[in-house]
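Trainee: got a predicted structure here, sequence first:
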Amino acid sequence: MSAAPTLDEVRAWPATVGVPEAARAIGVSKSHLYDMVRRGEAPLTVLTFGSRHRIVTNSLIRLLEGA
């Protein structure tokens, strides 16, 4: 597993990212974050398109900033 990105790196990400990238940024496994998304318990804004999920980067930044 690669190191978690810095907050500045996350700020440079596109408007949405996949669950694996978001999971790496918050320090959880992608399977754990997928489970949270499916249960509606993810502490992030999630856009769902059929069976695909995208995480809104701005919500990820707010979480990492502790807002």
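Mentor: On my side now, so go ahead. Numbering: from 1, shown residues only.
Trainee: C-alpha from now on. contacts and neighbour counts both.
Mentor: Fine.
Trainee: ok, Tyr34 touching Val19?
Mentor: Yes: using C-alpha atoms under 8 Å, Tyr34 is in contact with Val19, at 6.8 Å.
Trainee: which pLDDT does the model give the residue lying farthest from the centre of the chain?
Mentor: Ranked by distance from the centre of the chain (C-alpha atoms, centre = their mean), the top residue is Gly50, with 17.9 Å. Here, the pLDDT recorded for Gly50 equals 94.
Trainee: quick check: phi and psi at it.
Mentor: With angles defined as degrees, to the nearest 10, Gly50 sits at phi 60, psi -120.
Trainee: again with Val56
Mentor: Residue torsions, per degrees, to the nearest 10, at Val56 are phi -70, psi 120.
Trainee: of Tyr34 and Val19, which one has the most company?
Mentor: Val19 (21 against 17; other C-alpha atoms under 10 Å).
Trainee: any chance you could map the strands in the protein?
Mentor: Here the chain has its strands, by DSSP state E, at 16-18, 46-49, 52-56.
Trainee: next one: the shortest one to chain centre, how far?
Mentor: On the basis of C-alpha atoms, centre = their mean, to the nearest Å, strand 16-18 sits 7 Å off its chain's mean C-alpha point.
Trainee: so what's the residue nearest the centre of the chain up against?
Mentor: Averaging the C-alpha coordinates of the chain gives a centre point, and the residue nearest to it by C-alpha atoms, centre = their mean is Ala22 (2.7 Å). Going by C-alpha atoms under 8 Å, 6 or more residues apart in numbering, Ala22 touches Ile55, Leu60.
Trainee: and it, how far from Asp8?
Mentor: 14 Å (C-alpha to C-alpha, to the nearest Å).
Trainee: where does this protein have low pLDDT?
Mentor: 1, 67 (pLDDT under 70).
Trainee: list the residues that contact Pro14.
Mentor: Contacts of Pro14 by C-alpha under 8 Å, 6+ apart are Thr57.
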